[in-house]
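Asker: below are the sequence and a predicted model; questions follow.
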Amino acid sequence: MIQHLPVLSVVFVLITAYLLPLVKPRYKIVGQVVTILILIGTAIASIYFITVTATGEVIIYELGNWPAPIGITIAITPLTAIIMLLVSVVTLLVYFYRLSDPTAPQGQAGSWYDALLMLLVAGVFGITQCNDLFNLFVFIEICTLSACALVAAGKGGKASIAAFKYLMLCTVASGFVMFAIGLLYFITGYLTFAYVHDALQAVWHSYPHVVYLSAILFIVGMGIKSALFPLHVWLPDAHSSAPTTSSALLSGIAVKAYLIGLFKVFYLVFGRELLQALGIANMLVIFGVAGVIGGSLFALVQKEVKRMLAYSTVAQLGYIFIGLGLDNSIGVAAAIFQIISHACMKSTMFVIAGHFAHQGKDKVSDYAGVGKEEPVLFTAFTICALSMIGLPLFSGFITKWMLFRAALDAQHMGILIFIVISGLLNAGYFLPLVWNGWFGGQPGGYAKPRVKFSQALPIVMSVVVLWLGIAPAPLLQFLDTAANLMLRW
């Protein structure tokens, strides 16, 4: 049984997504319990994968005992294991909030909504596990369609328009990705990562323009889906109009899935030597720096909190692209650390922003005194905001410190300046909001702290953000193994 765990972790999630709409509304508790149990099960499976891969071992599973390149294989690497655990835990905690989310669909529509949520999880799992370009594309599309539907689940025409814009742009992006895969298949004759990689090393000198075009198409296609600046135009509307649960999942895990796919394509298919030869690594750094600065500037002028958080996501994703483009083990480890840290921070902040928006407090000016009214929630929000700025003792500081080291090793001194500037810009829109929340509004004391079950995500994730900032060594050691494995694959 345990040897089939890699494929079962995806299959069980897909089966759950299929069965949830069949559950009648009066038995909705059954669907909710099953969803929770499946997410707990995938988290346990992920912990097992982490223990196996911690030394650098890779679990290869052959479907139907057909070896590659004829058969389909699944590869569980340290990166796969940690991302699966992250997705399982974040989704589980977001689901606890979803049970009382007033903006999420209820009744029979709620069952369909939960099915979409599980489809998104299955898509992310598939992207992290797949070992060939064909299945990578299939799971990317599962992620895309489920994410668009989760946005469309919002109330009012604004959500429908945002979902339609998201769908149209992602359709174009999917065409770019499919074309890129087709080009690689045309010149190599393979789809399995390792076989494409070996073939590329032998033939790319004969088809340099084809290989370069394929890499560019991957960047643009995945960049649209992951909201890479300036291809992020769908994200602010989608995040601000979607149900709170959807916003937390989209920013927390959905946009990261495409980045994981890009990680795998560039390092497992093209390889670091080819990325350097084509100048792709430097291009990723440029896009990352543009995202860090551009996203922060747009966030600085926003008056609506959820839109500010959406543009902040664009900026934070820029750090991931910088780490990917620096092309050394510290940079790749920093990028993975940022994926984990940002998922914890941004899912928390969107849940809290959604909670206040339901009370009619959706603008920055409306947050005056909310810390006195909801001290537990706003403490969690404050922790995540300070982490976004990159202050010491918070996980965001670890990301910036690792990027500093990676930039020094890669001799990209200019990146250091942009990271400092981005931190100042982050402080420019987060610190006034935090100050206003704690010290604004009418004079008075603080309300008695109230802890509800639906607040599990903000409380747990804010603790994780602190833990990653104070004692990151165990995770960094694991990520160093993951990064070195990718670089020498």
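Answerer: Yep, it's here.
Asker: when you work out contacts or count neighbours from here on, use the C-alpha atoms and nothing else.
Answerer: Will do.
Asker: you'd agree residue 74 is in a helix?
Answerer: No - judged by DSSP: H, G, I helix; E, B strand; the rest coil, residue 74 forms no part of a helix; its state is strand.
Asker: give me the beta-bridge partners of it?
Answerer: residue 61, residue 130 (DSSP bridges).
Asker: what's the distance between it and residue 6?
Answerer: 7 Å (Cα to Cα, to the nearest Å).
Asker: now do the shared contacts for these two.
Answerer: 61, 129 (Cα atoms under 8 Å, 6 or more residues apart in numbering).
Asker: longest single helix anywhere in this protein?
Answerer: Scanning the chain for the longest helix, with DSSP state H as the assignment, gives helix 157-188.
Asker: name the next helix or strand downstream of that helix, please.
Answerer: helix 193-203 (DSSP states H and E).
Asker: buried stuff in the helix or strand that that following helix is followed by?
Answerer: Note on helix 193-203: by DSSP H and E, the next helix or strand toward the C-terminus is helix 208-225. By 16 or more other Cα atoms under 10 Å, the buried positions in helix 208-225 come out as 210-212, 214-225.
Asker: grab the nearest non-local neighbour of residue 434.
Answerer: Ranked by Cα to Cα, 6 or more residues apart in numbering and with sequence neighbours excluded, the top spatial neighbour of residue 434 is residue 382, at 6.2 Å.
Asker: report the distance from whatever helix or strand that neighbour lives in to the chain centre.
Answerer: Residue 382 belongs to helix 375-389 when assigned by DSSP H and E. Helix 375-389 sits 20 Å away from the centroid of its parent chain (Cα atoms, centre = their mean, to the nearest Å).
Asker: C-alpha coordinates for it, CSV please?
Answerer: As requested, the backbone C-alpha atoms of helix 375-389 are provided in CSV (Å, rounded to 0.1, in the frame of the first residue of the first chain):
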residue,chain,number,x,y,z
PRO,A,375,-6.9,42.1,19.1
VAL,A,376,-6.3,38.4,18.3
LEU,A,377,-7.0,38.7,14.5
PHE,A,378,-5.1,42.0,14.1
THR,A,379,-2.1,40.7,16.1
ALA,A,380,-1.9,37.9,13.5
PHE,A,381,-2.3,40.5,10.7
THR,A,382,0.4,42.7,12.3
ILE,A,383,2.9,39.8,12.5
CYS,A,384,2.4,39.0,8.8
ALA,A,385,2.7,42.6,7.8
LEU,A,386,6.0,43.0,9.7
SER,A,387,7.2,39.9,8.0
MET,A,388,6.2,41.2,4.6
ILE,A,389,8.4,44.3,5.3
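Asker: contacts only, for the most centrally placed residue in the chain.
Answerer: Residue closest to the average C-alpha location in the chain (Cα atoms, centre = their mean): residue 256, at 2.5 Å. The neighbours of residue 256, taking Cα under 8 Å, 6+ apart as the test, are 226, 339.
Asker: okay, it: pLDDT?
Answerer: Per-residue pLDDT puts residue 256 at 84.
Asker: shaky segments in this structure?
Answerer: Per-residue confidence of the chain (counting by pLDDT under 70) places the weak regions at 1, 24-25, 156, 441-455, 488-489.
Asker: quick one, strands of this structure?
Answerer: Counting by DSSP state E, the chain has strands at residues 59-62, 73-76.
Asker: as JSON lines, those with distance to residue 370 and mean neighbour count would be great.
Answerer: Converted to JSON lines, the strands of the chain look like this (distance: least, Cα to Cα, whole Å; neighbours: other Cα atoms under 10 Å):
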{"stretch": "strand 59-62", "distance to residue 370": "48", "mean neighbour count": "18"}
{"stretch": "strand 73-76", "distance to residue 370": "44", "mean neighbour count": "21"}
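Asker: let me see the ranges of the helices in the stretch 251-400 of the chain.
Answerer: Along the stretch 251-400 of the chain, the stretches classed as helices by DSSP state H, counting those that start in this stretch are 255-264, 272-278, 280-300, 305-326, 329-358, 370-373, 375-389, 395-410.
Asker: list the buried residues in the longest helix of the chain.
Answerer: Using 16+ other Cα under 10 Å as the test for burial, helix 157-188 gives 158-167, 169-171, 173-174, 176-184, 187-188.
Asker: ok, which of the strands of the chain comes nearest residue 94?
Answerer: Closest to residue 94 of the strands of the chain, according to Cα to Cα: strand 73-76, at 25.1 Å.
Asker: same for the closest one, what does it pack against?
Answerer: helix 5-19, strand 59-62, helix 107-129 (3 or more Cα pairs under 8 Å, 6 or more residues apart in numbering; DSSP states H and E).
Asker: now stretch 102-120: how far from the chain's centre is it?
Answerer: 20 Å.
Asker: can you check stretch 4-12 too?
Answerer: 21 Å.
Asker: just stretch 412-421 next, same as before
Answerer: Going by Cα atoms, centre = their mean, where stretch 412-421 is centred and where its chain is centred differ by 24 Å.
Asker: ditto for stretch 431-440
Answerer: Here stretch 431-440 is found 28 Å from its chain centre; the criterion is Cα atoms, centre = their mean.
Asker: repeat for stretch 241-260
Answerer: With Cα atoms, centre = their mean, you get 7 Å for stretch 241-260.
Asker: next: stretch 355-366.
Answerer: Here stretch 355-366 is found 25 Å from its chain centre; the criterion is Cα atoms, centre = their mean.
Asker: buried set for it?
Answerer: Buried, per 16+ other Cα under 10 Å, within stretch 355-366: 355-357, 361-366.
Asker: for residue 471, state which of the residues you listed is nearest.
Answerer: Of all the buried residues of stretch 355-366, residue 471 sits closest to residue 355, with 30.2 Å by Cα to Cα.
Asker: against residue 63, how distant is the closest one?
Answerer: 44 Å.
Asker: and residue 292, by the same measure?
Answerer: For residue 292, the distance to residue 63 - Cα to Cα - is 41 Å.
Asker: just residue 230 next, same as before
Answerer: Between residue 230 and residue 63 the computed distance is 40 Å (Cα to Cα).
Asker: ok, now residue 391?
Answerer: Residue 391 is 46 Å from residue 63, by Cα to Cα.
Asker: got a list of what residue 474 touches?
Answerer: Residue 474 sits next to no residue when contact means Cα under 8 Å, 6+ apart.
Asker: and what of the one 10 residues further on?
Answerer: For residue 484, the contacting residues are residue 329, by Cα under 8 Å, 6+ apart.
Asker: residue 323 - nearest residue in space that isn't next to it in sequence?
Answerer: Using Cα to Cα, 6+ apart, the nearest residue to residue 323 is residue 331, at 4.2 Å.
Asker: from residue 484, how far off is that neighbour?
Answerer: Counting by Cα to Cα, the gap from residue 331 to residue 484 is 11 Å.
Asker: could you do residue 279 as well?
Answerer: In terms of Cα to Cα, residue 279 sits 21 Å off from residue 484.
Asker: cool, and residue 109?
Answerer: Residue 109 is 45 Å from residue 484, by Cα to Cα.
Asker: for residue 9, same thing?
Answerer: Counting by Cα to Cα - residue 9 and residue 484 are separated by 26 Å.
Asker: likewise for residue 243?
Answerer: From residue 243 to residue 484 the distance is 39 Å (Cα to Cα).
Asker: with residue 32 instead?
Answerer: For residue 32 relative to residue 484 (Cα to Cα), the value is 40 Å.
Asker: wait, residue 482 touches residue 78, no?
Answerer: Yes - with contacts counted by Cα atoms under 8 Å, residue 482 reaches residue 78, the gap being 5.0 Å.
Asker: now do the shared contacts for these two.
Answerer: Common neighbours of residue 482 and residue 78 (criterion: Cα under 8 Å, 6+ apart): residue 56.
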